[in-house]
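Q: requesting a structural model of the entry that follows:
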Amino acid sequence: MAGSPARPTKGSRRPRIGVLALQGDVAEHCAALERSGARASSVRRAGDLAGLDGLILPGGESTTIGLLTDLLGLRDPLARFVASGKPVWGTCAGMILLARDVGHAQPLLGGMDIQVDRNAFGRQVDSFETDLEVEGLAGGAIRAVFIRAPAIRAAGANVQVLSRLPDGRIVAARQGSLWATSFHPELAEDDRLHAAFVESVRESLAHGAQSPSSSSNAAAQMDTSGKERHSAGAEEGSPSD
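A: Below is the predicted model:
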């Protein structure tokens, strides 16, 4: 059974957290958020962002998600939400969307000073599960599900590395209000990461959202204008989760 749900304190309201619903395990994320004390809703158009206190960018195929955000007029509103200082968590493909560089020209939102390798672990047949210790997460290791997963190959000085695999690859990180994980926490029977994210949204509401740029000069210089980002000369891999 998933972890015990977090209950709002007396007098507090349940934070409203959206899940981008273009691809991925939207229902699973929403269920975990609800069990963790939040009010979850799906985001399919720009108007769905109104009134949200936080946002999850789930897995899927990152290039397709990026193209859909353009088609639906969502990329600029999403980029503004990321830059607003409200908590945003990118899982798997969502982590790719938050990166400043993926070595490949594709639509991104940016926001985190990270460079990401798409399909860092191979194709679908190379998917795996493992136990991971996550810095600051009580209760011991979590079970992490990696499906055509990316990995962070470089992180800026203002990025807090939360978890690495034994080979040193970074698979969880945080920069101010922005979270990124390579794996799919919604597929594990453990709500602790969702509960921690919900708690970060509560803290943001209590203290007032601050722009991620306040904790990172590099993030302040990131392009959120909707232009495609890439590194010249980087190899192009297969589209990633």
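
Q: what residues are up against the residue nearest the centre of the chain?
A: Nearest to the mean C-alpha position of the chain, by Cα atoms, centre = their mean, lies Gly90 at 1.0 Å. Shown in contact with Gly90 (Cβ atoms under 8 Å, 6 or more residues apart in numbering): 56-57, 96-98, 112, 178-181. (Each C-beta comes from the backbone N, C-alpha and C, glycine too.)

Q: low pLDDT regions in this structure?
A: Applying pLDDT under 70 to the chain flags residues 1-12, 122-126, 209-241.

Q: scan it for its longest helix.
A: helix 192-207 (DSSP state H).

Q: quick one, phi psi at the residue nearest to the centre of the chain?
A: The phi/psi pair for Gly90 (degrees, to the nearest 10) reads phi -100, psi 120.

Q: how near is it to Leu97?
A: 6 Å (Cβ to Cβ, to the nearest Å).

Q: what touches both of those two?
A: With Cβ under 8 Å, 6+ apart, Gly90 and Leu97 have common neighbours Leu57.

Q: picking that back up, of the contacts of Gly90, just say which sits nearest to Gln23.
A: Leu57 (10.2 Å; Cβ to Cβ).

Q: tell me which helix or strand the closest residue to that closest one other than its chain neighbours sits in.
A: Leaving aside its chain neighbours, Leu57 sits nearest to Gly94 (3.0 Å; criterion: Cβ to Cβ, 6 or more residues apart in numbering). Gly94 belongs to helix 93-98 when assigned by DSSP states H and E.

Q: just the CA trace of that helix, in CSV.
A: Extracted in CSV, the C-alpha atoms of helix 93-98 (Å, rounded to 0.1, in the frame of the first residue of the first chain):
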residue,chain,number,x,y,z
ALA,A,93,10.4,13.3,-19.8
GLY,A,94,9.3,16.2,-17.5
MET,A,95,12.9,16.4,-16.4
ILE,A,96,14.0,16.8,-20.0
LEU,A,97,11.6,19.6,-20.5
LEU,A,98,13.0,21.5,-17.5
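
Q: give me the buried positions along that helix.
A: 93-98 (16 or more other Cβ atoms under 10 Å).

Q: of these, just say which sits nearest to Ala195.
A: Gly94 (18.2 Å).

Q: distance of that closest one relative to Ala138?
A: 24 Å.

Q: quick check on Phe128: phi, psi?
A: phi -160, psi 170.

Q: thought Arg148 was touching it, still the case?
A: No - if you go by Cβ atoms under 8 Å, Phe128 and Arg148 don't touch, sitting 10.8 Å apart.

Q: of these two, which one has the most company?
A: Arg148 (22 against 12; other Cβ atoms under 10 Å).

Q: show me the helices in this protein, by range?
A: Under DSSP H, the chain gives helices at 26-35, 62-71, 75-83, 93-98, 192-207, 217-220.

Q: okay, now Val134: neighbour count?
A: Val134 has 20 nearby residues by other Cβ under 10 Å.

Q: you'd agree it is up against Ser163?
A: Yes - the pair Val134 / Ser163 is scored as a contact, 4.7 Å apart, by Cβ under 8 Å.

Q: overlap in contacts, those two.
A: Ala172.

Q: in contact with Thr91: list those residues for me.
A: Counting by Cβ under 8 Å, 6+ apart, Thr91 has contacts 29, 56-59, 180-181, 183-186.
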